[in-house]
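Colleague: Provided below are the primary sequence and the corresponding predicted coordinates.
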Amino acid sequence: MADQTHVLFVEDDDVIREATQLALERDGFAVTAMPDGLSGLEAFRANRPDIALLDVMVPGLDGVSLCRRIRDESTVPVIMLSARADSIDVVLGLEAGADDYVTKPFDGAVLVARIRAVLRRFGHASGGDRAEEADTAATGGVLTFGDLEVDTEGMEVRRAGRPVALTPTEMRLLLEFSSAPGTVLSRDKLLERVWDYGWGGDTRVVDVHVQRLRQKIGQDRVETVRGFGYKLKA
C-alpha cells in the first residue's frame, strides 16, 4: 500500500531473509528482499525504499560497498546487519555512511524497534524537536560559529559560504552540538537524543558519526573531552 514504509532488505541467507521479511510484513512494512548486493542496488534504484537493511557479508557487492553506492545517490537511512558485535565490519559500515547497525542473530522485535527509531529520527530531521530547540538560540534560525553557518529552519549548513551536504543523522548530531555550544555532551546523551536509544547502545556509532561530521565541517570544530564526550567550540 502507498502509505506503508518500504524496506529494502539485502541478505544472502535464504532462511534469515524469508523469516525476517515475513516478520517485517506482519508489522506492517512493505519489503523488497534481495539475495545479493548487485540485485539490491538495482532494487534500490528501481523502488527508492524508505530504509535499507544491508547484511555486511553478501555476494556480488558486499554490504559496505552497497552502502557507499546508496549513500552516493541518496540520504535514505541505512542499517547494517553484522554477525559479530566486535567485527571491524561494524565500523566500516558506519564509515561508509550507515546510520546504525544491528548484530545477528537479532530478535525481530528489536529490529523493528531499531527501524522505527531510525525512521523517527529521519522524520524529525526536517523539523523536529531538537531543531526547534536550536532555533531558540538563533536570530532568523541561523547559528554562526566562525565560518560555519547552521540554518535550523531550512536545515542547511554552509562552511565559508559553501553548502555542506549532511545526512539527516549528521544534521541532528550537529543540531545537538549547536543548540548548546561549549557544553560537553556525553556519548550516552547523544545516543539518547540523536539515535533515540532509550536502552543504551554502542558508542562507536557516535564516534564514527562525529568523525564523519568533522570531515565536513572542520576537524577542529568538534572537540573531544576525554572521559566525558564531545562539545562544539563556541
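Modeller: On my side now, so go ahead.

Colleague: pull the contacting residues for the residue nearest the centre of the chain.
Modeller: What sits nearest the mean C-alpha location of the chain, by CA atoms, centre = their mean, is residue 99, with 2.3 Å. Residues near residue 99 by CB atoms under 8 Å, 6 or more residues apart in numbering: 77-79, 118, 121, 167-169. Any C-beta I mention is one placed from the backbone N, CA and C, and that applies to glycine too.

Colleague: reformat these into JSON lines and put pLDDT, distance to residue 209 and secondary structure next to each item.
Modeller: Shown next, in JSON lines, are the contacts of residue 99 (pLDDT from 0 to 100; distance: CB to CB, whole Å; DSSP: H, G, I helix; E, B strand; the rest coil):
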{"residue": "77", "pLDDT": "93", "distance to residue 209": "13", "secondary structure": "coil"}
{"residue": "78", "pLDDT": "96", "distance to residue 209": "13", "secondary structure": "strand"}
{"residue": "79", "pLDDT": "95", "distance to residue 209": "14", "secondary structure": "strand"}
{"residue": "118", "pLDDT": "88", "distance to residue 209": "13", "secondary structure": "helix"}
{"residue": "121", "pLDDT": "78", "distance to residue 209": "12", "secondary structure": "helix"}
{"residue": "167", "pLDDT": "88", "distance to residue 209": "9", "secondary structure": "coil"}
{"residue": "168", "pLDDT": "87", "distance to residue 209": "11", "secondary structure": "helix"}
{"residue": "169", "pLDDT": "90", "distance to residue 209": "6", "secondary structure": "helix"}
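
Colleague: quick one: buried ones out of these?
Modeller: Taking 16 or more other CB atoms under 10 Å as the criterion, what is buried in the contacts of residue 99 is 77-79, 118, 121, 167-169.

Colleague: now, among these, which is nearest to residue 192?
Modeller: For the buried ones among the contacts of residue 99, the residue nearest residue 192 by CB to CB is residue 121; the value is 11.7 Å.

Colleague: thinking again about what came up before, just the buried ones among the contacts of residue 99 now: which is nearest residue 185?
Modeller: Among the buried ones among the contacts of residue 99, and counting by CB to CB, the member closest to residue 185 is residue 169, at 15.1 Å.

Colleague: TSV for the contacts of residue 99, including distance to residue 193?
Modeller: Converted to TSV, these look like this (distance: CB to CB, whole Å):
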residue	distance to residue 193
77	17
78	20
79	19
118	14
121	10
167	16
168	14
169	12
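
Colleague: distance of residue 224 from residue 157?
Modeller: Separation of residue 224 from residue 157 (CB to CB, to the nearest Å): 21 Å.

Colleague: who are the packing partners of the one helix or strand residue 46 maps to?
Modeller: Using DSSP states H and E, residue 46 sits within helix 37-47. Applying 3 or more CB pairs under 8 Å, 6 or more residues apart in numbering; DSSP states H and E, we find helix 37-47 packed against strand 6-10, strand 30-34, strand 51-55, helix 63-73.

Colleague: residue 67: which of the buried ones among the contacts of residue 99 is nearest?
Modeller: Residue 67 lies nearest to residue 78 out of the buried ones among the contacts of residue 99, by CB to CB, at 5.4 Å.

Colleague: could you verify my assumption that the closest one touches residue 54?
Modeller: Yes: using CB atoms under 8 Å, residue 78 is in contact with residue 54, at 6.3 Å.

Colleague: low-scoring stretches of the chain, by residue?
Modeller: By pLDDT under 70, the low-scoring segments of the chain are 1-2, 84-87, 124-140, 198-201.

Colleague: all helices for it, in order.
Modeller: For the chain, helices defined by DSSP state H occupy the ranges 14-26, 37-47, 63-73, 88-95, 108-124, 129-135, 168-179, 187-194, 204-217.
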